[in-house]
Every structure is written in structure tokens, then in C-alpha cells.
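>>> Here's a sequence, model it:
(chains A and B)
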Protein chains: 2
Amino acid sequence: VKKIDVVRAILGERVHWAPKKSGAQAFAPTNIALCKYWGKRDQELNLPINSSLSVSLAGKGTVTALNVIADTQDLVSFNGKPVEPGLKFSRRIVEFLDLFRGLPAVRFHVDSSANIPLAAGLASSASGFAALVLALDQLYGWQLSQSELSILARLGSGSACRSLWNGFVEWQVGTQADGMDSRGSRLPEVWPEFCVGLLLLNTAEKALSSREAMERTKATSALYSLWPAKVSADLPVIKEAIVARDFPLLGKTAESNALTMHAMMLSAWPPISYFLPETIAAMQKIWQLRQDGLPLYFTQDAGPNLKLLFLQKDSDSVRSCFTNLEVLQPFVA
Amino acid sequence: VKKIDVVRAILGERVHWAPKKSGAQAFAPTNIALCKYWGKRDQELNLPINSSLSVSLAGKGTVTALNVIADTQDLVSFNGKPVEPGLKFSRRIVEFLDLFRGLPAVRFHVDSSANIPLAAGLASSASGFAALVLALDQLYGWQLSQSELSILARLGSGSACRSLWNGFVEWQVGTQADGMDSRGSRLPEVWPEFCVGLLLLNTAEKALSSREAMERTKATSALYSLWPAKVSADLPVIKEAIVARDFPLLGKTAESNALTMHAMMLSAWPPISYFLPETIAAMQKIWQLRQDGLPLYFTQDAGPNLKLLFLQKDSDSVRSCFTNLEVLQPFVA
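Presented below is the predicted three-dimensional model:
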């Protein structure tokens, strides 16, 4: 099954439509996985080995403006500056747009702005592809459901399928070969006291993309085969913890899930480490604070930065321990 | 099966002997595992889950002088200074000596000196218990074989059973409940060009002993169940690499084995990390140097320090990159 087959199945006759407007704009939040997506069963469609669960960071993400242009190729810009067509950032967007142009082929100016650093493990591509899909839906007037948009966003970047909603979002692994059942859906729970602290330790673009890191882990880690079982154990516990508002259980399970993902990377060959010296120092500080009684946990994605997890009642304590911590409350507008 | 049963089985009627001398002294080298021992199937006898393989660091280790004293309790000293009887260091030695005193109970002055830092992941307890067993053998005149001494040393500290020899030593996992087949034996190969560089990043005593770290990993890591398979894959490769003098294969396999051990610890709960910020910085430097063409690998034990693995031809290059590197050639006297 190819991406274009999925697009055709979802759009139906709308695949032939021309844009209904000359321009559209959309925002999608970035999302932080509490139970990680790591490893694909289908590279073409970004179908995962396992289900995952995230929380969206309302207000943090990507705004994408899409405009039809009279040109022979797309124009991509990011944070107000043109991006060279040869760069991976542009190529991924142009290849994604190829799925939707119709005939005669429409060309676009894609102008994205993100209030998070790019490619630093902050799910910039997740919010980027989700915003792009939302903008396409508006531009063409498809009026797709959120579930359908989630599937399309996944074709751009796996975790983008979780960025169609605010709040807690579960990405169901699905079983179908065409991935029609592998998409995000929002959990009904809201948790206003739940805080995420972005601890930016290094925002340089990562040397190894998550895509490559995932593949290498799957192909070479002696520990990878236990990952699905780890997720099967953690995901229901995280969901229960959300329902029961059991923060220590949520924090513990999310931290253990993240560390297990990084553990598998360390055991890959060549070894993969997204730990920087500063990451280790911050982890040790968190563990010490927790030992001293502060209910503080963390998660880490394919980058050196940590996302601290805590409740609002402890916000002042946590802030006083970490300078340059950006505290977000995903459920408070 | 209790420790004392093993001692009785090995010593036979010699268990009733009185010391043949008033004092004895012995040296045992520390050993660095290239394929790690991690996890016990029997806590009492220190019987491992898996076989392991190490290289002894000739000249680095513990000298233990054992003298019979006319006192009601043992006297323990380390590096020339008395050690409080209540401290774990003393208690472990006194409990070990309890196995051998006979009747009337002999009391000892145990005077150990080590030229490696204590409890910093440099196998100080391995060389310590091996030297103690060698000194006991001399003092009592038992004339046990190296294999028998290896079994007795294991009762003090698991990896001590590998410190009875210089060179490459394999600890066979064994299958017997009394552990009589779980002991070290020396590999015939010598490899004069093989170098180990001790990169001491922090020599403070570790907060969590390997004993506790091992147990917690076994009890809580979702990845531990794959460890025996990892060892079964790595150990024969390391032995082949030694026979074939294939240094990159040896280095790669040893590094991957060590990282997998640390990976399992990260995935334990509470998480265990022997990484310090300096450890991560050094690892990244090694990976960069290797990418630039230097055949340099590392291993790490239950402490933040790294042991660099390289060949003598690269010794100058490696030294120029790491200040305070102590380079040892295990096969060169």
C-alpha cells in the first residue's frame, strides 16, 4: 500500500478538486508522548509497532499558511525565511504535497512558523505536518473528520497523527495493512493541574533523526523485541492513572517508558545516545528532588531536552530548582 | 545450599586445620569484564545468571596480608588505616572469614592495600576477595587448586572468581545447585598489543553497590529477560575475536555488551544510572574518534569511569586525546 492509495481512499472523488480558496492557515500543537512511539511496522505509511499516548501542548506548535502560487515549484519558508529546495525540510513537505496537488498540479507557498525549536526532540515535525494537513483541508474545502486528518498527517510524520487534538491523545496501533485504523483519538479526561516543564538544554538540530534512530534500534538492539510488551504494560497504566488522577503513577510510568526507549537506543549498534552531559545532570537532579519528596518526573524524546512532569501545586518548587524552565499547562487555555 | 557447605565440600578434613603459619600475604589483580556478569540465580552463593569473560589488569589490584592475632575479634585495615568494625567493608570480610576460622576460632588482622580506587566500578572487591582467599590458602597450607580457590573467592564477591588469574578469564555459569561448576578458568591466548586505558572521571564511592543494582535490574527492568540471550550472543564472539586477534570485533562486542547492561539499569525502577555528565562526554568523544577512524572502544562497570580498549599501535593517539589516562597492557609484565 502506497501513501497515494491512502489519500485516494480518504478523499474519494475530492482527489480531483481544485483549491476552494487561494489561501488558508492553521495551527496544530506539538505533542509530548507519555508512552512512546518507537519503531515502525510499515515505513511507507508510518505504521507503528505499538500504540502510544501523548499530551498536546496547547499554544506550542506550528502555524502554517498555505497559499496557491503561479509557479512551477513550491516555495517553502520557515519562521519567515525561505528554505532551500534541496534541504530535507523542504523535500519532506514537497513530497507530502505531491500527494494532494491534483491535475493540473497546484503549486504552493508553505509558510510555517513554530514557537518551538526545530528537530530538537520537541515534535516540531508532528505539529508541522498536522498544521499542514489542517491548512490543506481548509484550502480544498474537503471537510474531513479529525480521524481522517489524523491518518493523512501520519503519512507526513508518524507522531503528527496525535497533533490534531489538544489534551491527552492515544494513537491506536491498528492492524490493517492500509493503516485506516492507525490514528489518533482524544481521551475525554481533562487535568487542569497537570504541568509540563520544557527544560531546554540544547536546541541544536539533532545529528540523527528519530526516523533513523528508530530504524537502527529496531534492526540492531538486542532489547528491542521486548518493547511491545513494555508498551502493553505501560499504556493501560497511564490511561488508568489519567482517569484516577494518580499523578505519581502517571509520572513513574511515563518516565520508565521514556528511559526504556533510550535504553534500547543505547544498546543499538552503533550506539545511539540523545543524552548530553547536561541531560544526565538534570536527570540526577530530578531523581534527587524526588527522593527528597517532590513528585517530579520527566520524559525525554529523540533529543537531549527533558520535559518535566509535575502538578501545579509544585510549580513554584520546580521553577525554583530549574532556571529557564518553561512551564505549560496543557489543559489551561 | 549455604556457603559453609561449599567450604566444607572443598576443604574436606582441612576444615579442621589450624593455620600453618602466623602470617601470609598475597596479591590478586582486578579484572575488567568484556562480557558482563549481571544478575544472580543464587544470592547466597553468588551464582550468576550468565557466563562472563574478563581481562585481568596485571599489577593493578589488592595485596592482602593476613596475620593471626590474639584477640576476640578481627582487625581490618585498608591502605594502612584501621576500618571501623561496623562498616560494610569490615563486615563483609569478617563474615567471609567466619567460614574458615575452625575451632578454636582463629582471629585475624586483615591488612589490605589496593592501587585502585575502592567501590568505584574498578572491581576492588573482586581483587580483594581473591587476594584474601590466596592469603588464607597460604596461611592454612591447604594447597587448593586455582579452580577451588576461584569457587571460594566467588563466595565473597561473584566477580572475584575471575581474579585468580592474569589474562583473559572466563567464568562458566555452571548448572549445579552447589556451584561447583561455576568458576573461573584462564583462556590460553595472550595478546601483548591489547591495551586498557583507565579513564577515571570520578572515584567517589558509588551510591548504589553493584549487588543492589543487579538485584533491582533483575527484579524491575522490563528488558532484563533478554540479557541471557545477549550474553549468549556476545560471549562466543568475544572468544572468537580473541583467538582471531580481531580487535574491532572484540571492541564492538564488549562495548555493546556493557551498554546493554547499563541500558537495562536505566529501564529499572527506580532508574539506575552510573553515567555522570563526564561519562557521557567521554563516550561521545570516543564515538567521534571512532567515526574519525581510530579503533577505540570502551567498557563501563557499576561506576562512572570508563575503561578504554585499544591496541598498542594507537596508544599515543589515544593518550593525546585523554588527559589522566592510565594505560595498562594486561599481557606485558
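>>> what residues does the stretch 201-333 of chain A put near chain B?
A:222-223, A:225-226, A:229-230, A:233, A:252, A:255-256, A:259-260, A:262-264, A:266-267, A:269-271, A:273, A:275-281, A:283-284, A:287 (CB under 8 Å from any CB of the partner chain). Every residue, glycine included, has its C-beta placed from N, CA and C.
>>> Show only the entries of those residues found in helices.
A:229-230, A:233, A:252, A:255-256, A:259-260, A:262-264, A:266, A:277-281, A:283-284, A:287 (DSSP state H).
>>> Out of the residues you listed, which end up buried?
Burial by neighbour count, 16 or more other CB atoms under 10 Å in any protein chain shown: within those this picks out A:230, A:252, A:255-256, A:259-260, A:262-264, A:266, A:277-280, A:283, A:287.
>>> Mind jotting down where the helices sit in the stretch 51-200 of chain A?
Along the stretch 51-200 of chain A, the segments classed as helices by DSSP state H, counting those that start in this stretch run A:88-98, A:124-140, A:146-156.
>>> ok, A:Glu255 touching A:Leu306?
No - in this structure, A:Glu255 sits apart from A:Leu306 without contact. The criterion is CB atoms under 8 Å, and the distance is 10.0 Å.
>>> quick one: common contacting residues for the two?
Each of A:298-299 lies in contact with both A:Glu255 and A:Leu306 under the rule CB atoms under 8 Å, 6 or more residues apart in numbering or on different chains.
>>> related to what we said a few turns ago, tell me which of the helices of the stretch 51-200 of chain A lies nearest to chain B.
Closest approach to chain B among the helices of the stretch 51-200 of chain A is made by helix A:88-98 (20.6 Å; CB to the nearest CB).
>>> contact partners of the closest one?
Outside of helix A:88-98, the residues that reach it under the criterion CB under 8 Å, 6+ apart are A:73-74, A:76, A:78, A:83-85, A:108, A:110, A:118, A:125, A:129, A:132, A:155-157.
>>> what is the orientation angle of that helix with helix A:124-140?
With axes from the mean of the first three to the mean of the last three CA atoms, to 10 degrees applied, the angle from helix A:88-98 to helix A:124-140 works out at 30 degrees.
>>> quick one: helix A:88-98 to chain centroid distance?
Relative to its chain's centre, helix A:88-98 lies at 17 Å (CA atoms, centre = their mean, to the nearest Å).
>>> Who are the contact partners of the spatially closest residue to A:Leu152 that is not a sequence neighbour?
Counting by CB to CB, 6 or more residues apart in numbering or on different chains, A:Val133 is the residue found nearest to A:Leu152 once chain neighbours are left out, at 4.9 Å. The neighbours of A:Val133, taking CB under 8 Å, 6+ apart as the test, are A:149, A:152-153, A:156, A:160, A:164.
>>> from the residues you listed, which two are the most distant?
When these are compared pair by pair using CB to CB, the two farthest from each other are A:Gly156 and A:Leu164, 12.0 Å apart.
>>> So for the two, which sits in the more crowded spot?
Just comparing A:Gly156 and A:Leu164: by other CB atoms under 10 Å in any protein chain shown the higher neighbour count belongs to A:Leu164, 30 against 23.
>>> Tell me the residue of the stretch 51-200 of chain A that sits nearest chain B?
Distance from chain B to each residue of the stretch 51-200 of chain A (CB to the nearest CB) is smallest for A:Leu199, at 14.7 Å.
>>> Surely that residue touches A:Ala282?
Yes - A contact is recorded between A:Leu199 and A:Ala282 when judged using CB under 8 Å, the distance being 6.0 Å.
>>> Run through the neighbouring helices and strands of the lengthiest strand in chain A.
Secondary structure of chain A read by DSSP state E shows that its longest strand is strand A:52-69. On a contact count with 3 or more CB pairs under 8 Å, 6 or more residues apart in numbering or on different chains; DSSP states H and E, strand A:52-69 meets strand A:23-35, strand A:107-114, helix A:124-140, strand A:168-171, strand A:194-199, helix A:227-244, strand A:325-328.
>>> any idea which of the ones you listed is most buried?
Most buried of the helices and strands packed on strand A:52-69 by mean neighbour count (mean count of other CB atoms under 10 Å in any protein chain shown) is helix A:124-140; its value is a mean of 26.
>>> Measure how that helix sits relative to strand A:107-114, angle-wise.
Computed with the same axes, to 10 degrees, the direction of helix A:124-140 lies at 140 degrees from that of strand A:107-114.
>>> So which bits of the helix or strand hosting A:Lys218 are buried?
With elements taken from DSSP states H and E, the one containing A:Lys218 is helix A:210-220. Buried residues in helix A:210-220, defined by neighbour count with 16+ other CB under 10 Å: A:210, A:213-214, A:216-218, A:220.
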